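> the sequence isn't on hand, but the structure is:
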């Protein structure tokens, strides 16, 4: 049995070597991209009550201050709540859409793909303004509906792209095989295709989550008074104060973001975003 | 049911906008036999298989299975099984769940399902691999899982789409034998698609040679291989020299001047356009000038299990292949005399 177990390992080995070769380049770019985050994180550990880089000393005081600050806390909870709702709503839209795009006929494919790409080319401000006008007319501007809808729209194109790449990597003969074995189309999808899509669905969910959690432009328009999401609260706080509380809270946001990015890396979602869907058999 | 029309394909056409597909296919298959659809890639044999499976709807014609018209029946209610070229094992399921999938879809209770899956895995020699994932298996093992998955549901007909083509030659030959044995022992009715004539010969009870969406010739392997009727069949199988002839009264004339006595009605009414002559029906001797023989030049020599194959070019440009015993060969470029045993020639029509 060793022969059969060795075979996939041998196939994987050269790929790992390739990855090492890019890593120096990747490292430099990554450091450049992460530099602002490092500045914020280091500013947050400075014990003095003003923003300073590099820090003169080390203290986690501002982190506890940030989490104790009531309006930060309520905003964080609100942001998480909205992000989770956005994930659910977004997946309910994008998963069927991705199936239509990959398995549908030519016309269905083009129209769905076009419709789902429109938020990408529309300015966020425009989306937000449109939603605001519409919801005010429906007198729903005080509810979370606007925020959820806006955030779903922003995350939609990316989530769809990830799901389409994931689905495209699944052999359509799997569903055909299920059909020849007696599974109706819906059962074949649920029993065979859906489990194979799970990594892509996970990636799409994480993208929807982080796009909602980090969103400023839509939230700026649609946050009702007393219902501001965390990025907006931070923005408002900075207008009046300049102490490291905001840097500490931002660092917490960064940590959430990095955690999501690592998860995405594990699920292969970042590769799918670049169009490199892995073929799974 | 009478034996001869268990599976009937009548007048099936399926055209693609970009060309290809099948055109007016008629086939019948008795219960318990294996029909091989043999043809080059793109000839429409997979299209036909998918029409039988219900994965493609035909533009015209119909399919009957066990006395029932199944043309409009969706795939999942046809009680068929199909083994795909890529095997299409479900990667997220264990071998056991893969094999048990068809039984689960048919609502077979868990205990019974487990027993039948174990039996099917034992049949293909994979009883110890039930808890593996497909990707932990070798290609040959995956193929056997696909086969077990297909036969465990006791399908009315088993469809196989080049299931061995992505395997090494040695494993292919081995699995071919196993597949034939299983099909015989279980009395399975099958339709097997391949472009490999050795597979067709080994597996088929009947062979249908397909070219450009049409059935060119059907028959038992012995008929099709030894006495092909069509020029296309002989050329595709490439087991014999196909020598063009022109009819001249009751005789056939080769381009290099030999005259063959043709049996009356050799072409069944159609004009005979060529004859097939196996490489071992041509005698070759070094040098020139033997009576009744032709002089040719050896262009290529190839060592084969059955002897040494010589490609000899005659003065008029015709090339023929001649097999002689090892040790009796001639060098490339040398002149040889050829004598043809025309009594063994098989007349071919277009």
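Noted; the coordinates are in hand. In this text the structure is predicted, and so the values were computed from the model without any measurement.

> pull out the buried residues from stretch B:253-264.
Neighbour-count burial for stretch B:253-264 flags B:254, B:256, B:258, B:260, B:262 (criterion: 16 or more other CB atoms under 10 Å in any protein chain shown). Glycine gets a C-beta too; all of them are placed from N, C-alpha and C.

> scratch that, stretch A:53-62
By neighbour count on 16+ other CB under 10 Å, the buried set for stretch A:53-62 is A:55, A:61, A:62.

> of those residues, list those near chain B.
Counting by CB under 8 Å from any CB of the partner chain, nothing from the buried residues of stretch A:53-62 sits close to chain B.

> can you pull out the helices in the stretch 201-350 of chain B?
B:221-226, B:231-237 (DSSP state H, counting those that start in this stretch).

> sorry, slip of the keys, the one I care about is chain A.
Listed in chain order, the helices of chain A (DSSP state H) span A:2-44, A:61-68, A:70-103, A:106-121, A:124-137, A:145-168, A:173-180, A:185-188, A:194-213, A:217-222, A:230-240, A:245-267, A:269-273.

> can you add mean pLDDT and give these back as TSV?
TSV is the format used below for the helices of chain A (pLDDT from 0 to 100):
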stretch	mean pLDDT
helix A:2-44	67
helix A:61-68	88
helix A:70-103	92
helix A:106-121	84
helix A:124-137	88
helix A:145-168	90
helix A:173-180	94
helix A:185-188	92
helix A:194-213	91
helix A:217-222	88
helix A:230-240	89
helix A:245-267	86
helix A:269-273	65
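
> out of those, flag the one nearest residue B:303.
Closest to residue B:303 of the helices of chain A is helix A:2-44 (CB to CB; 31.2 Å).

> could you find the residue nearest the spatial middle of chain A?
Nearest residue to the geometric centre of chain A (CA atoms, centre = their mean): residue A:207, 1.8 Å.

> quick one: the helices of chain A as CSV, columns for distance to residue B:177 too.
Below are these laid out as CSV (distance: least, CB to CB, whole Å):
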stretch, distance to residue B:177
helix A:2-44, 21
helix A:61-68, 71
helix A:70-103, 38
helix A:106-121, 45
helix A:124-137, 65
helix A:145-168, 38
helix A:173-180, 24
helix A:185-188, 33
helix A:194-213, 33
helix A:217-222, 66
helix A:230-240, 68
helix A:245-267, 43
helix A:269-273, 42
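
> so what pLDDT did residue B:333 get?
As predicted, residue B:333 sits at a pLDDT of 86.

> cool, the one 4 residues further on as well?
The per-residue pLDDT reported for residue B:337 equals 87.

> from residue A:157, how far off is it?
From residue B:337 over to residue A:157 the distance is 77 Å, taken as CB to CB, to the nearest Å.

> could you do residue B:287 as well?
80 Å.

> which stretch among the helices of chain A comes nearest residue B:172?
Proximity to residue B:172, assessed across these by CB to CB, is greatest for helix A:2-44 (17.2 Å).

> quick revisit: can you tell which of the helices of chain A is closest to residue B:138?
Of those, the one closest to residue B:138 (CB to CB) turns out to be helix A:2-44, at 4.4 Å.

> list just the nearest of the buried residues of stretch A:53-62 to chain B.
Within these, the smallest distance to chain B is 46.0 Å, found for residue A:62 (CB to the nearest CB).

> list the contacts for that closest one?
The neighbours of residue A:62, taking CB atoms under 8 Å, 6 or more residues apart in numbering or on different chains as the test, are A:44, A:45, A:46, A:243, A:244, A:245, A:247, A:248.

> quick one: the strands in the stretch 51-200 of chain B?
Along the stretch 51-200 of chain B, the segments classed as strands by DSSP state E, counting those that start in this stretch run B:60-65, B:68-69, B:80-83, B:157-161, B:190-194.
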